[in-house]
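Undergrad: Here is my input, please return the structure:
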Amino acid sequence: MIVNPETIPSRPAPASRRGIIGWLRANLFSSPLNSLLSLSGLIFLAWALPPVVQWVFLEANFLGENKDACTSEGACWVFVSARFQQFLYGFYPDTELWRVNLFFFEMAAVLTWVLWDKMPKRLWGGIWFLTGFPLTSFFLLYGGFGLETVETHKWGGLMLTLVLSLVGMVIALPVGILLALGRRSDMPAISSFCTVFIELWRGVPLITILFMASVMLPLFVPGDIELDKLIRAMIGISLFEAALIAEVIRGGLQAMPKGQYEAADAMGLTYWQGMRQIIMPQVLKISIPGIVNTFVQLFKDTSLVLIIGLFDLLAVMQAGIADVNWPNVAIEGFVFTGFVFWLFCFGISRYSQLLERKLDTGHKS
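TA: Purely as a prediction, here's the structure:
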């Protein structure tokens, strides 16, 4: 055995890649350019953040009943606290607010049941979400079975935003999948119909669709049938989003290797069996970013229902800042509304990233 008689000189310890120092070195100071950009950003935050914190928190007024309670130069969050009930429920009768609260509770419970991995019997939760939850929500919010009827023109605020978003998401996903499959069908009639439908609805602005649904749709139904304004908005939003979802799913179908389709045929599966058991699970997995992006867009686009006279969260806030009793509170109103929209969209985005990591098993042909 040959032994090297020379002593190896000591070397510096490797750079830490753990903890706060390791994270800073890897993400903010990994190169001279990144270090310069990080320092510039920190300097900007040190200049811009203190006045914002002072206006939002330190010099702000939070409690009160009217504009007179805003005595400082900071934000007048009294406007938000005084009108919080209207932001949440719209013009729903005060004596029936417990029904909306029960709807919120059921929605949170069902979504937790369906989306949380550790919940038991999630399949039953999904079935209830698609069947029982819409029925119970309708009777809770609208009335029936002994409950007082509350017309939809009294619905508003965050409640209306969530109703439109949930209905649009639940309808748009399955309809979009069927449209995507129909567009790729070998049957010319089905393929042509789905192509025309997708391109027509996808190429028209949603605000135009809502206006046409409010004005033109009643002309195409029998005279003895009266479609509620909210139902017309739901139909327009759902079909518009279904066209967008269809293109997302079609992209996922085209990204699938040909070997997956051949494997389904080799196993003797029918078209629908192969789609349900082999193709579609993989397509939905790789289409998660596009689907979530469409759902986030849907949640924000619900604000356009103001064009047909429905008052969602943003519309209720705009009506509030137009009140002569609340002058100069537009910034506070838009900041609060923007924060609520961001909170929901951020939650949807984070859950989608969690789902992507959970399903990240690789994709090989």
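
Undergrad: in stretch 56-70, what's buried?
TA: Buried residues in stretch 56-70, defined by neighbour count with 16 or more other C-beta atoms under 10 Å: 60, 61, 64, 67, 69, 70. Just so you know, the C-beta spots here come from the backbone N, C-alpha and C atoms, and that holds for glycine as well.

Undergrad: Name the nearest of these relative to residue 126.
TA: Of all the buried residues of stretch 56-70, residue 126 sits closest to residue 60, with 43.1 Å by C-beta to C-beta.

Undergrad: My understanding was that the closest one contacts residue 77; is that so?
TA: Yes. Counting by C-beta atoms under 8 Å, residue 77 is a contact partner of residue 60 at 5.5 Å.

Undergrad: Point out where the stretch 1-150 of the chain drops to low pLDDT.
TA: Per-residue confidence of the stretch 1-150 of the chain (counting by pLDDT under 70) places the weak regions at 1, 13-18.

Undergrad: mind redoing it with 50?
TA: Under the criterion of pLDDT under 50, none of the stretch 1-150 of the chain is flagged as low confidence.

Undergrad: list the contacts for the most centrally placed residue in the chain?
TA: Within the chain, the residue whose C-alpha comes closest to the C-alpha centroid is residue 296; the distance, by C-alpha atoms, centre = their mean, is 3.4 Å. Contacts of residue 296 were listed using C-beta atoms under 8 Å, 6 or more residues apart in numbering, and they are 345, 348, 349.

Undergrad: Next one: it relative to residue 168, how far apart?
TA: Distance, residue 296 to residue 168, by C-beta to C-beta, to the nearest Å: 12 Å.

Undergrad: What of residue 143?
TA: Distance, residue 143 to residue 168, by C-beta to C-beta: 23 Å.

Undergrad: These two: which has the busier surroundings?
TA: Counting neighbours by other C-beta atoms under 10 Å for residue 143 and for residue 168 shows that residue 168 has the greater number, 26 against 15.

Undergrad: gap between the helix or strand containing the more buried one and the chain center?
TA: Assigned by DSSP states H and E, residue 168 belongs to helix 157-183. Its chain's C-alpha centre and that of helix 157-183 lie 11 Å apart, by C-alpha atoms, centre = their mean, to the nearest Å.

Undergrad: can you list the residues that contact the helix or strand just after it?
TA: The element immediately downstream of helix 157-183 (helix or strand, assigned by DSSP H and E) is helix 188-202. Applying C-beta under 8 Å, 6+ apart, the contact partners of helix 188-202 are 179-180, 182-185, 209, 239-240, 242-244, 246-247.
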